[in-house]
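> when you get a sec, could you give me coordinates for this:
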Amino acid sequence: MSFEDGPRPVLLTGSIATDYLMTFPGRFATQLLPDRIEQISLSFLVDDLDVRYGGVAANIAVGMCRLGLRPVLVGGVGTDFGDYDRRLRDIGVDTTHLRISRRHHTSRFLCTTDQDGNQIASFYPGAMSEARDIELATVVAAVGGVDLVVVAPNDPEAMLRHTAECRQRGYPFAADPSQQLPRFDGAEITRLVDGARLLFVNEYESGLITAKTGRTEGELARCVGVLVVTRGAGGVRVLRRGHPTLEVPAVAGVVTRDPTGGGDAFRSGFLAGIGRGLAARRCAELGCLLASIVLEAVGTQDYKIDVADLLHRCTATYGPTAAAEIAVALPDPGEER
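Numbering: from 1, shown residues only. So this is what the prediction gives:
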């Protein structure tokens, strides 16, 4: 499972965005007139505005940095990226190789949530649409090689291009299509996942891939090195060629404050575990541990890791042997990250 020739970096390709989260104190349903649905024109006065930094690739990068690694972030951003860029650099993310658009703003996610939890949202891709123009070979040459390229949700053409380039140039890659799966047909999904060292999906996405490609989970696992299926409170299922399926429970006693970003945090922990040479089960456990911390925070990047607390959670759920083995992959216990 470990990277072959470390400590070369992991390249994280995918979305980088700013989230604008608003709360409407009423119910959307009471504002919709059934006989006027074809002529909706509504404006909602919201109570608050919460601006958060996000994007799948950026979220994963932050998690890996908090676990002591230094990934390279690859994607498209706008000239308005300055404050976000400084924040990521302060955390330890390498943002040197981002493509800066002169025409588009950095991606925006705008979401209003009513008191019933219903949401009305819009996503402006902006500079993300230029990620299709990024050549990975240029970045790989600049950083002196690569251990893994993660192809996370992004501009669809960029995802297909990055995957094709990885296969062509022999770069090990992880496929993480997640939110973009509805955009792809079966043939395109096959192009995204075939030959991947890792494939990350949740249970619904696994079913969607099966429906579109006709492949079962077992067949998918034989086409990739490792298939990781997250199941929320049900934990994680890990399928590997030639090995029994691993079932790893979620961390016990988690009080979720914000579910957004839990899956990205899991990926951060799993990838950090691989980078530190942990066995597959320990990688999944570390992923679950980091996800539990993010779920208890508000915001996909606004959390800190207390190593002592993380190891306490590990011992309580996975036992002292797991905690001892995972401890060697963590930063200094006296340092909050």
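> need the residues that contact stretch 126-133.
By Cβ atoms under 8 Å, 6 or more residues apart in numbering, the residues outside stretch 126-133 that reach it are 13, 15-17, 74-78, 99-101, 103-108, 154-155, 157-158, 161. Backbone N, C-alpha and C define where each C-beta goes, glycine included.
> quick one: the helices in the stretch 101-250 of the chain?
Secondary structure of the stretch 101-250 of the chain (DSSP state H, counting those that start in this stretch): helices at 136-143, 156-169, 186-193, 203-213, 217-223.
> I'd guessed Met159 sits against Pro177; true?
Yes - between Met159 and Pro177 there is a contact under Cβ atoms under 8 Å: 6.9 Å.
> between the two, what contacts are shared?
Val151, Pro153, Leu192.
> what is the burial count for the last one?
Applying other Cβ atoms under 10 Å, we find 25 residues neighbouring Leu192.
> who's in contact with it?
For Leu192, the contact set (Cβ under 8 Å, 6+ apart) comprises Val151, Met159, Leu160, Thr163, Ala175, Pro177, Phe184.
> swap in 7 Å and give it another go.
Residues in contact with Leu192, defined by Cβ atoms under 7 Å, 6 or more residues apart in numbering, are Met159, Leu160, Thr163, Ala175, Pro177, Phe184.
> just the buried members of the contacts of stretch 126-133?
Neighbour counting over the contacts of stretch 126-133 (16 or more other Cβ atoms under 10 Å) leaves 13, 15-17, 74-78, 99, 101, 104-108, 154-155, 158, 161 as the buried ones.
> show only the entries of the residues you listed found in strands.
Thr13, Ala17, Val74, Gly76, Val77, Gly78, Arg99, Ser101, Ser107, Arg108 (DSSP state E).
> where does pLDDT dip in this protein?
Where the chain drops to pLDDT under 70, the residues are 1-7, 333-337.
> what is the neighbour count of Asn292?
Quick fix: residue 292 reads Ser, not Asn. Look at Ser292: counted by other Cβ under 10 Å, it has 24 neighbours.
> any idea how far Phe270 is from it?
As for Ser292, its distance to Phe270 is 14 Å (criterion: Cβ to Cβ, to the nearest Å).
> likewise Lys304?
Using Cβ to Cβ, we find Lys304 at a distance of 20 Å from Phe270.
> more crowded one of the two?
Remark: of Lys304 and Phe270, Phe270 carries more neighbours, 32 against 10, as counted by other Cβ under 10 Å.
> neighbouring contacts of the one helix or strand that one maps to?
Here Phe270, judged by DSSP states H and E, is contained in helix 262-275. Helix 262-275 has contacts (Cβ under 7 Å, 6+ apart) with 1-3, 6, 10, 56, 59-60, 63-64, 67, 69, 176, 200, 202, 228, 230, 282-284, 286-291, 294-295, 300, 329.
> what of stretch 44-58?
12-25, 73, 75, 84, 87-88, 107, 109, 112, 152-153, 264, 299-301.
> what do you get for stretch 314-321?
So stretch 314-321 is contacted by Pro249, Val251, Ala252, Glu285, Leu289, Ala322, Ala323, Ile326 (Cβ under 7 Å, 6+ apart).
> chain neighbours aside, what residue packs nearest to the first one?
So that's Pro249. Using Cβ to Cβ, 6 or more residues apart in numbering and skipping residues adjacent in sequence, the residue nearest Pro249 is Gly235, 4.2 Å away.
> next step: the contacts of helix 262-275 restricted to helices.
Under the assignment DSSP state H, the contacts of helix 262-275 contribute 56, 59-60, 63-64, 282-284, 286-291, 294-295 to helices.
> which phi and psi does the spatially closest residue to Asp94 that is not a sequence neighbour have?
Excluding the flanking residues, the one nearest Asp94 by Cβ to Cβ, 6+ apart is Val72, at 4.5 Å. Per-residue torsions, Val72: phi -110, psi 120 (degrees, to the nearest 10).
> also Ile16?
Dihedral angles (degrees, to the nearest 10) for Ile16: phi -140, psi 120.
> who touches it in this structure?
By Cβ under 7 Å, 6+ apart, the contact set of Ile16 is Gly55, Ala57, Ala58, Leu73, Gly75, Val77, Thr106, Ser107.
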